[in-house]
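Chemist: here are the coordinates; sequence isn't available:
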Ligand code: NDP
Ligand code: OXD
């Protein structure tokens, strides 16, 4: 007996069950917490699984993360140590993220908040603008998502820099490694984070780092866009930097606590755009097709795609 289980405490399980039944009609698909005979479960797919759930499946052979980020899965201290984990790497999700990054870079570049405020007041303020090539966008995290966003920003005419643990080669993008962080920051007008949440990236977007960004761009102060994970940002530092002008503006899609509590001072920041962790949604049917492919590969003893490296944490 081999069964598949969804562990989705915060997502509509029925939608995902229907999508998986369509993709794999013969598969025994179940939904935690009503997973039936626990010994039958050999494959699991999860988003924000509670701790201890994975260890409750004694015959588990593969865990599929339904998102690109795996921090919530790896954060379970009782996670079975030898079960492989694969994560989503899908053109649909990648394209959605690049849409988000290009959109928010352009909103800042074209000063859309100023235009919207003027319209509310009935003010015709035809201020002068600058070319995309006047701005350098620096992307932290040059993986699947960072590299695609870099490519699309290049197509729009922005200068683009990339920063990652290991050096990347991306056409038209100057790439930096871990030890070259200061040089990367000193040349960056708009900082985009597409890093995973790991012990190394925890709190990396802090005031000391933001102070190292370029102030030579057309706005005289840098802009921050974080669509990686909230754990990367020191939210008090971002508020301080927005208030004292060390940051010109920011867009945040992810937060240390989600949903962002109504008491958060971030809500009342006029120079901040908040989006509700919605930069790149996962389409159930597309993702189920990908997950089913990984299960079939596992059953046939083939190499799995996008295996998570537990030591690195992503
Ligand atoms: P990848 O694993 O493909 O890329 C991660 C990149 O980050 C790699 O380039 C890696 O470097 C770099 N990196 C990791 N740790 C460090 C470090 N300590 N210092 C420097 N660089 C580092 O992931 P994806 O591009 O697929 O996804 C990135 C993240 O985006 C996810 O982990 C998730 O948190 C977030 N995300 C957010 C979504 C949203 O809706 N807001 C949607 C989807 C994802 P190297 O290549 O050298 O290993
Ligand atoms: C992801 C996300 O990691 O949506 O895929 O945050």
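Modeler: Perfect, I can see it now. Nothing here was measured: the structure is a model prediction, and the numbers come from that model. Ligands and ions are numbered 1, 2, ... in the order given.
Chemist: how about the residue of the stretch 101-250 of the chain at minimum distance from ligand 2, what does it touch?
Modeler: Nearest residue of the stretch 101-250 of the chain to ligand 2 (C-beta to the nearest ligand atom) works out as residue 229 at 7.4 Å. In short, each C-beta sits where N, CA and C put it, glycine included. Contacts here follow C-beta atoms under 8 Å, 6 or more residues apart in numbering; on that basis residue 229 touches 69, 71, 195-197, 201, 254.
Chemist: quick one: pLDDT of it?
Modeler: Looking at residue 229, its pLDDT is 98.
Chemist: how close does it sit to ligand 1?
Modeler: Between residue 229 and ligand 1 the computed distance is 4 Å (C-beta to the nearest ligand atom, to the nearest Å).
Chemist: do the same with residue 242
Modeler: From residue 242 over to ligand 1 (counting by C-beta to the nearest ligand atom), the distance is 20 Å.
Chemist: Quick check: that residue vs residue 216, distance?
Modeler: When distances are taken as C-beta to C-beta, to the nearest Å, residue 242 and residue 216 turn out to be 20 Å apart.
Chemist: got it, and residue 170?
Modeler: Per C-beta to C-beta, residue 170 is found 24 Å from residue 216.
Chemist: And residue 180, by the same measure?
Modeler: As for residue 180, its distance to residue 216 is 19 Å (criterion: C-beta to C-beta).
Chemist: cool, residue 202 as well?
Modeler: Counting by C-beta to C-beta, the separation of residue 202 from residue 216 is 29 Å.
Chemist: Residue 2 too?
Modeler: 59 Å.
Chemist: what's the answer for residue 130, then?
Modeler: For residue 130, the distance to residue 216 under the criterion C-beta to C-beta works out to 13 Å.
Chemist: Isn't residue 217 up against residue 134?
Modeler: Yes: under the criterion of C-beta atoms under 8 Å, residue 217 makes contact with residue 134 at 7.2 Å.
Chemist: And the helices in this protein, which stretches?
Modeler: The residue ranges that make up the helices of the chain, judged by DSSP state H, are 13-23, 71-74, 91-109, 112-121, 144-156, 181-186, 207-210, 235-244, 284-299.
Chemist: Now do the fourth one against helix 91-109: the angle between them, please.
Modeler: If you take axes from the mean of the first three to the mean of the last three C-alpha atoms, to 10 degrees, helix 112-121 sits at 60 degrees to helix 91-109.
Chemist: what residues are up against the closest residue to ligand 1 within the stretch 101-250 of the chain?
Modeler: In the stretch 101-250 of the chain, the residue found nearest to ligand 1 is residue 143; the distance is 1.7 Å by C-beta to the nearest ligand atom. By C-beta under 8 Å, 6+ apart, the contact list for residue 143 reads 164, 194, 196, 314.
Chemist: Is the last one in contact with residue 70, as I believe?
Modeler: In this case it means residue 314. Yes: because the distance of 6.5 Å satisfies C-beta under 8 Å, residue 314 is recorded as touching residue 70.
Chemist: got any residues that touch both of the two?
Modeler: Counting by C-beta under 8 Å, 6+ apart, the shared contacts of residue 314 and residue 70 are 196, 308.
Chemist: the more surrounded of those two?
Modeler: Counting neighbours by other C-beta atoms under 10 Å for residue 314 and for residue 70 shows that residue 70 has the greater number, 24 against 20.
Chemist: okay, that one: pLDDT?
Modeler: pLDDT, residue 70: 98.
Chemist: How about the contacts made by it?
Modeler: Here residue 70 is in contact with 85, 87, 196, 308, 313-314 (criterion: C-beta under 8 Å, 6+ apart).
Chemist: swap in residue 205?
Modeler: Shown in contact with residue 205 (C-beta under 8 Å, 6+ apart): 191, 193, 224, 226, 232-234, 237-238.
Chemist: would a markdown table of those residues with neighbour count, distance to residue 250 and pLDDT be doable?
Modeler: Putting the contacts of residue 205 into a markdown table (neighbours: other C-beta atoms under 10 Å; distance: C-beta to C-beta, whole Å; pLDDT from 0 to 100) gives the following:
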| residue | neighbour count | distance to residue 250 | pLDDT |
| --- | --- | --- | --- |
| 191 | 27 | 9 | 99 |
| 193 | 24 | 11 | 99 |
| 224 | 25 | 4 | 99 |
| 226 | 23 | 8 | 99 |
| 232 | 22 | 13 | 98 |
| 233 | 25 | 9 | 98 |
| 234 | 19 | 12 | 98 |
| 237 | 19 | 11 | 98 |
| 238 | 24 | 6 | 98 |
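Chemist: Tell me which entries of these lie within strands.
Modeler: Of the positions in these, 191, 193, 224, 226 sit in strands, assigned by DSSP state E.
Chemist: Would you confirm that the last one contacts residue 193?
Modeler: Yes: judged on C-beta under 8 Å, residue 226 makes contact with residue 193 at a distance of 4.5 Å.
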